[in-house]
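Student: I'd like to go over a predicted model; first the sequence, then the structure.
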Amino acid sequence: MTSKVSSPAEQADEAVVGEQRRPPGAKDVRRLDRVIIRFAGDSGDGMQLTGDRFTSETASFGNDLSTLPNFPAEIRAPAGTLPGVSSFQLHFADHDILTPGDAPNVLVAMNPAALKANIADVPRGAEIIVNTDEFTKRAMQKVGYAASPLEDGSLDGYNVHPVPLTTMTVEALKDFELSRKEAERSKNMFALGLLSWMYHRPTEGTEKFLRTKFAKKPEIAEANLAAFRAGWNFGETTEDFAVSYEVAPASKTFPTGTYRNISGNLALSYGLVAASRQADLPLYLGSYPITPASDILHELSKHKNFGVRTFQAEDEIAGIGAALGAAFGGSLAVTTTSGPGVALKSETIGLAVSLELPLLVIDIQRGGPSTGLPTKTEQADLLQAMYGRNGEAPVPIVAPRTPADCFDAAMEAARIALTYRTPVLLLSDGYLANGSEPWRIPELDELPDLRVQFAQGPNHTLDDGTEVFWPYKRDAGTLARPWAIPGTPGLEHRIGGIEKQDGSGNISYDPANHDFMVRTRQAKIDGIDVPDLEVDDPTDSARTLVLGWGSTYGPITAAVRRLRTAGERIAQAHLRHLNPFPRNLESVLKRYDKVVIPEMNLGQLATLVRARYLVDAHSYNQVNGMPFKAEQLATALKEAIDG
Amino acid sequence: MADTSAQGPGTVEALSLVPKAEARQSMKDFKSDQEVRWCPGCGDYAILAAVQGFMPELGLAKENIVFVSGIGCSSRFPYYMNTYGMHSIHGRAPAIATGLASSRRDLSVWVVTGDGDALSIGGNHLIHALRRNVNLKILLFNNRIYGLTKGQYSPTSEVGKITKSTPMGSLDAPFNPVSLAIGAEASFVARTVDSDRKHLTDVLRQAAAHPGTALVEIYQNCNIFNDGAFEVLKDRQQAEEAVIRLEHGQPIRFGADGSRGVVRDPHTGDLQVVTVTPDNASRVIVHDAHTASPTTAFALSRLADPDTLHHTPIGVFRSVDRPVYDTQMADQLDAAIEQNGKGDLASLLAGGDTWTVVG
């Protein structure tokens, strides 16, 4: 199999992809198999944009990649302070990779705060590019540097490139009619240009991006382009950067197909639009803005020409309420939120359980409890999703494992909701939501058929021979009740949160009926058809199983690879379905002497597994708002294997 | 209906997308097979009968009518209507109905709620439904007490009310639902009384015809926990001084032989009740429900004494045309298709920046 970076001729839409730019001249070029770069600066320095652009360049070049944006919750934290530091880490390679990487090979530090906040993660030997202009006495004092770290020897062992980024940017833009402050704002593009030179990134995409972004301010567009090119040219001419690097496209990694880079929230949004098309139902989103879920509301609100209705509600409860109302009316209904929002929606989720209507509840988990860490990741809402309602109110739970997988997870959640007439919780998280990776764009005929049949007529015959419609008469196979939408003649019926008589759906306080209904609702969820859990155990001789769910897939898989490369035997399995569990989970668990469950919580899946299967699962936890590092996980798993 | 009607010019729009019934309907068509379980003597019975009696007049296909309710005595209402219905959770009916109405413009959606449901736990949803002007008809049964939880004071109870939860008297000042609705930018606000079927029906008729959210406050007697709360409005003798009937285009006069009237105080601009004399007769205000400014409607809503209920206006306070949320939502969908063409999933998924791996 050969891979190629597509030439412009192959691009039907004329997307600029571009050839790898090779800097002319006599400088050394070294080949690397992978690189981890971290851009770090003030919240206002445009580090997320810089990272996004470098990512796009890298994606269009054909490397495999994984990203980790990391930013404060404050929109503009005080300038130059440690809490105000915003960073973007990108890992790219000529082979398939699974995580944004543990430790950067390159740190771009736009100010002293960025250096101080990130240096602990950077191993000696790495390259550090610092913007020396910002290393003033005052700025250094602000973050507690008594002496300049650039001069006191504390960076010995690093390959430090002192670059007066601000001055050079301003100098490059002197012919533009911009104030100094305006000119300084382009310094992130100077840095991007420099890094693009260092790693031979194609630049056409960024040039096109800048022209589009600032279409209404051509002067600003040209200034940013000038800064970007100045950064590139600086790398090419300065003697400080003697070497540039090539990272070849990941030609053997990817199956044949057309690819794009995609973040988790974008993939999830597309999954919802695709599910709507595949179900032939209009999509209705009821939502209240909350980090890190708001991007889904933003994205879906752009696609009204797909018949997508987005309703920004007055609060979380109204968001899910409107969605539930739309579900009653026959829409594919969705509400998007994060953990605090799920707490507010709990009562309505319970109502949806009782009404037995399809409804997608998307929880982009973040650090908790309460407001917690709005911009950081965590997977501590599992038990809330599982149990966070009054009464016996079972809800299916689906979790994506990578950013691109959010597309498939959304389709799967829709399948379950529509087939079984139930609310479904989808648990993504901040890491998946904002992180990105290459995605093979599916052909439309690969997508599942999600069409459903609304009830059309009576479904029950009374003893006296009368044909009637019973809203709670179930399908024998799925136990789903009929979905009879308003506007269907003869099927007028009333539903509600009060317990209903089996079949007729009338109010019933009968003890035996309640017992039956509780068990039936549970049986419906327990009986959901989910695929068996696949186990990766290449030698078929491992004694230890590592079991994960959600966004830990990347770090766990990377850790498992390291262990296997080192000759260890370990089996790996990853759950998409948390409720119900796959039928074979019990037999899988019991096949191994040891089961280790790494989670970004205090052991929530482990609690469920231990309770359900009486397996002595070992929990390995981290709740610091960041994804696991592969090295750290590998060490923990090694201990489990040896222990 | 010409002069005395508070019907706005957008009448047809409100229900124009709702299919009509094929055959003539009667009240019986709207009665469900469920046994009505309110306390004997409850004012809810009269309202139910009035609504069931009024529905045939609309001539809508009953499968396109939906009643959505929250929690409370009044919220059992949908079970008794042979239409589509949802008995939801406390306070949330306006939110749920908003989702239904904004996604299905071929439906006539009604919300049934109470003073606790709409004004306590659901206050937020109520005010936002009103400001959005979704095509909903909200019937707020106000009995000034919590009935289903057995007799605690409600957000419309008078100050000092002795109830199970306030043995020394309630402390909080009540809401005036009509004032609240006008303050929340409502485009249609009316008040009526459970026992006055003719008036109730007439208000329902105007509400149904209104494009956008209509709020109808219905004074409703809870004969178990707050019996006689509105007696002053119902007793023929007392009502003469207590009730002010608002009719669009008519001078606001009431009392025996119209001896009393509402005038504007030239100094404060506020409204006041006066005994009409030849001198001041020309100053009596002519009710204009369609005027854009909510000022006079609000002032009318403040005339009533919250304790004695003297000078309580009933009828349509306000009925103005304002853009309807669900209409505009649908228009945006149409405009998006016009501008960008009908959505094409393949090109959406492909986006702008792609690369190809060939085998």
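Tutor: Now that the structure is in, tell me what you want to look at.
Student: residues touching B:G41, list them.
Tutor: Residues near B:G41 by CB atoms under 8 Å, 6 or more residues apart in numbering or on different chains: B:N223. C-betas here are computed from N, CA, C, even on glycine.
Student: ok, now B:R144?
Tutor: So B:R144 contacts B:D115, B:S154, B:T156, B:S157, B:E158, B:P174, B:C222, B:N226, B:A229 (CB under 8 Å, 6+ apart).
Student: swap the cut-off to 6 Å and go again
Tutor: B:S154, B:T156, B:S157, B:N226, B:A229 (CB atoms under 6 Å, 6 or more residues apart in numbering or on different chains).
Student: which of the residues you listed has the most neighbours?
Tutor: Per-residue neighbour counts (other CB atoms under 10 Å in any protein chain shown) across the contacts of B:R144 peak at B:S154, which has 28 neighbours.
Student: so it is in contact with B:D117, correct?
Tutor: No. Counting by CB atoms under 6 Å, B:S154 does not reach B:D117; the two are 9.6 Å apart.
Student: what is the burial count for residue 145?
Tutor: No chain in the question, so chain A it is. 19.
Student: not quite, go with chain B.
Tutor: 25.
Student: with A:T58 instead?
Tutor: 28.
Student: was I right about it contacting A:A93?
Tutor: No. Using CB under 6 Å, A:T58 is not in contact with A:A93; the gap is 9.7 Å.
Student: returning to what we had before: can you redo the contacts of B:R144 as JSON lines with secondary structure, distance to chain A and pLDDT?
Tutor: Shown next, in JSON lines, are the contacts of B:R144 (DSSP: H, G, I helix; E, B strand; the rest coil; distance: CB to the nearest CB, whole Å; pLDDT from 0 to 100):
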{"residue": "B:S154", "secondary structure": "coil", "distance to chain A": "21", "pLDDT": "97"}
{"residue": "B:T156", "secondary structure": "coil", "distance to chain A": "22", "pLDDT": "97"}
{"residue": "B:S157", "secondary structure": "coil", "distance to chain A": "25", "pLDDT": "97"}
{"residue": "B:N226", "secondary structure": "strand", "distance to chain A": "24", "pLDDT": "97"}
{"residue": "B:A229", "secondary structure": "coil", "distance to chain A": "27", "pLDDT": "96"}
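Student: tell me how chain B divides into domains.
Tutor: B:13-250+B:289-335, B:255-286 (automatic domain parsing).
Student: so which of those domains is the most surrounded?
Tutor: Ranked by mean neighbour count under mean count of other CB atoms under 10 Å in any protein chain shown, the domains of chain B are led by domain B:13-250+B:289-335, which reaches a mean of 21.
Student: how far off centre is it?
Tutor: 3 Å (CA atoms, centre = their mean, to the nearest Å).
Student: cool, and stretch A:534-550?
Tutor: Worked out by CA atoms, centre = their mean, stretch A:534-550 lies 24 Å from the chain centre.
Student: pLDDT of it, averaged?
Tutor: If you average the pLDDT over stretch A:534-550, you get 97.
Student: end-to-end on that stretch?
Tutor: End-to-end span of stretch A:534-550 (CA to CA, to the nearest Å): 15 Å.
Student: show me what counts as buried in it.
Tutor: A:V535, A:D537, A:A542, A:T544, A:L545, A:V546, A:L547, A:G548, A:W549, A:G550 (16 or more other CB atoms under 10 Å in any protein chain shown).
Student: next one: phi and psi at A:L107?
Tutor: Dihedral angles of A:L107 (phi, psi; degrees, to the nearest 10) stand at phi -120, psi 130.
Student: so who does it touch?
Tutor: Here A:L107 is in contact with A:R38, A:N118, A:V122, A:I128 (criterion: CB under 6 Å, 6+ apart).
Student: most neighbours, which of those?
Tutor: A:R38 (28 neighbours).
Student: mind checking pLDDT for that one?
Tutor: Value for A:R38, per-residue pLDDT: 98.
Student: where does pLDDT dip in the chain?
Tutor: Defaulting to chain A. A:1-26 (pLDDT under 70).
Student: chain B, not that one
Tutor: B:1-13, B:359.
Student: neighbouring contacts of the helix or strand hosting A:E437?
Tutor: Secondary structure assignment for A:E437, by DSSP states H and E: strand A:436-440. Outside strand A:436-440, the residues within contact range by CB under 6 Å, 6+ apart are A:A59, A:S66, A:T67, A:G257, A:Y259, A:R260, A:N261, A:I262, A:S263, A:P403, A:A404.
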